[in-house]
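K.L.:
Sharing a model that was predicted from the sequence below.
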Amino acid sequence: MKLKELFATVATNPAFEGFITTDQVVLAVDITEAQNADVDDFEVAYMGFTDRSSSLNPKEKTSSYYYHGESSMKTGNQRTIDFKAERYKGDPFQDFVTSFEMKYAKGQKSIVRYAYLDVLTGQGELGKGTLIMSDDGSGAPEENLSIGGSIKKSGEDPAKLEYMGFGGYALTKEQPADWSTAYASYFVRSDGRFTAVTGDTAPEWAEGKYYSKTADTDKSGV
């Protein structure tokens with residue numbers, strides 16, 4: 001399942017207040033060979049997953065100063081996201097991480113782009129990490145096959161992600177009657193966000209590109 005499918009009717013709310021459950025947190029990865037997919041097309045860790053946990057391993061440097069004693073300064077952070085699942089053939093995320101190519105990938109070929117966020121606010125992070133599969137098939141007789149692995153940050157720190165669900169927006173299928181005069185009230189979408197159409201004049205309308213706002217929203221999350 002792609003992120004855009006998971007969020008097809010969800011209206012994310014950055015101002016949400018309340019508890020967030022583990023089911024409302026999403027991990028998704030870019031499974032394309034070129035690693036250049038739009039965030040909307042990232043594949044979600046969706047089918048058969050039994051555990052997904054994230055951790056931060058902060059790095060620090062401690063120095064001693066005259067008159068002030070020891071002082072610690074944070075110098076970095078290592079993000080790790082662990083996952084476990086019961087093997088489900090046909091789930092794009094699982095098929096990708098358990099593929100021969102990814103299990104034995106080394107160096108740059110083992111690095112994937114990932115998104116980690118909650119479905120209520122859409123807030124999270126977008127980064128790159130090394131995919132490490134530690135279990136590609138285990139279990140007792142007659143049990144479902146288990147798999148497990150992790151994604152560990154590689155290179156620069158993740159970027160802040162403010163993903164917007166599709167709830168409240170509708171894709172225009174025909175050129176609106178007011179397009180030439182009210183084009184600025186329509187939206188385009190890229191990397192998980194809607195932005196208003198800009199320009200001094202109306203751009204040429206294209207099917208499957210522009211969205212309008214609608215009152216029909218689902219703010220219940222996933």
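P.N.:
Everything's here; your move.

K.L.:
From here on, just use CA atoms for contacts and neighbour counts.
P.N.:
Noted.

K.L.:
Let me know how buried the nearest residue to Ser53 once chain neighbours are set aside is, in neighbour terms.
P.N.:
Among residues not flanking Ser53 along the chain, Asp82 sits closest, at 5.3 Å (C-alpha to C-alpha, 6 or more residues apart in numbering). For Asp82, the count of nearby residues is 17 (other C-alpha atoms under 10 Å).

K.L.:
by contact count, what packs against the longest helix seen in the chain?
P.N.:
Looking across the chain with DSSP state H, the single longest helix is helix 92-97. Applying 3 or more C-alpha pairs under 8 Å, 6 or more residues apart in numbering; DSSP states H and E, we find helix 92-97 packed against strand 43-44.

K.L.:
What is the strand it packs on packed up against?
P.N.:
Using 3+ C-alpha pairs under 8 Å, 6+ apart: strand 43-44 touches strand 25-29, helix 92-97.

K.L.:
Swap in 6 Å and give it another go.
P.N.:
strand 25-29 (3 or more C-alpha pairs under 6 Å, 6 or more residues apart in numbering; DSSP states H and E).

K.L.:
Can you list the neighbours in contact with the strand it packs on?
P.N.:
Strand 25-29 has contacts (C-alpha atoms under 6 Å, 6 or more residues apart in numbering) with 42-45, 113-118.

K.L.:
related to what we said a few turns ago, after the longest helix of the chain, which helix or strand is next? Please name it.
P.N.:
Downstream of helix 92-97, the first helix or strand assigned by DSSP states H and E is helix 100-103.

K.L.:
gap between that following helix and the chain center?
P.N.:
21 Å (C-alpha atoms, centre = their mean, to the nearest Å).

K.L.:
Please apply the same query to stretch 176-191.
P.N.:
Using C-alpha atoms, centre = their mean, the offset of stretch 176-191 from its chain centre is 26 Å.

K.L.:
buried set for it?
P.N.:
Neighbour-count burial for stretch 176-191, with 16 or more other C-alpha atoms under 10 Å as criterion, is recorded at 183-184, 186-189.

K.L.:
Adding pLDDT, write these out as JSON lines.
P.N.:
Compiled in JSON lines, these are given as follows (pLDDT from 0 to 100):
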{"residue": "Tyr183", "pLDDT": "97"}
{"residue": "Ala184", "pLDDT": "96"}
{"residue": "Tyr186", "pLDDT": "97"}
{"residue": "Phe187", "pLDDT": "98"}
{"residue": "Val188", "pLDDT": "98"}
{"residue": "Arg189", "pLDDT": "97"}
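
K.L.:
In strands, which of the residues you listed fall?
P.N.:
Counting by DSSP state E, the buried residues of stretch 176-191 place 187-189 in strands.

K.L.:
Include distance to Gly69 when you put those into CSV, please.
P.N.:
Below are these laid out as CSV (distance: C-alpha to C-alpha, whole Å):
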residue, distance to Gly69
Phe187, 56
Val188, 55
Arg189, 53
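
K.L.:
Now flag whichever of the residues you listed is closest to Leu6.
P.N.:
Of all these, Leu6 sits closest to Arg189, with 16.0 Å by C-alpha to C-alpha.

K.L.:
what's the distance between the closest one and Met102?
P.N.:
30 Å (C-alpha to C-alpha, to the nearest Å).
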